[in-house]
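Student: Give me the fold of what follows.
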Amino acid sequence: MGLVQSPLFRHGQSILTAGLIVGMAVFFIEDELVSNIMLLFAAVEVIVTPQILKRVADQ
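Tutor: Now for the predicted structure:
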């Protein structure tokens, strides 16, 4: 069983990455527009990345 086949890895990796993006958006970025765009990217990361990794694992 490869690492990508594990649901814990797939979801954990995307949540960790999104958490880093959210942290930077909240604590370091002062421009509201840029911060909101980063938060949007974090939400997309949590939704899309596990699906992509699942397709990779299925091949």
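
Student: Packing partners of the longest helix seen in the chain?
Tutor: For the chain, the helix reaching the highest residue count under DSSP state H is reported as helix 32-58. Helix 32-58 makes packing contacts with helix 7-27 when contacts are defined by 3 or more CB pairs under 8 Å, 6 or more residues apart in numbering; DSSP states H and E. For the C-beta atoms, the positions are set from N, CA and C on the backbone; glycine is no exception.

Student: got the contact list for the helix it packs on?
Tutor: Residues from elsewhere that reach helix 7-27, judged by CB atoms under 8 Å, 6 or more residues apart in numbering: 3-4, 34-36, 38-39, 41-43, 45-46, 49-50, 53-54, 57.

Student: Pull out the buried positions in the longest helix of the chain.
Tutor: Neighbour-count burial for helix 32-58, counted by 16 or more other CB atoms under 10 Å, picks out 35, 38-39, 42, 45-46, 49-50, 53, 57.

Student: how far out from the middle of the chain is it?
Tutor: Centroid separation between helix 32-58 and its chain, computed with CA atoms, centre = their mean, to the nearest Å, is 4 Å.

Student: Show the average pLDDT along that helix.
Tutor: For helix 32-58, mean pLDDT rounds to 95.

Student: now the angle between helix 7-27 and it, please.
Tutor: Between the axes of helix 32-58 and helix 7-27, defined by axes from the mean of the first three to the mean of the last three CA atoms, to 10 degrees, the angle is 170 degrees.

Student: Contacts only, for the residue nearest to residue 4 when sequence neighbours are not counted.
Tutor: The spatial neighbour of residue 4 that comes closest, neighbours along the chain excluded (CB to CB, 6 or more residues apart in numbering), is residue 57 at 4.5 Å. Contacts for residue 57 were tallied using CB under 8 Å, 6+ apart; they are 2, 4-5, 10.
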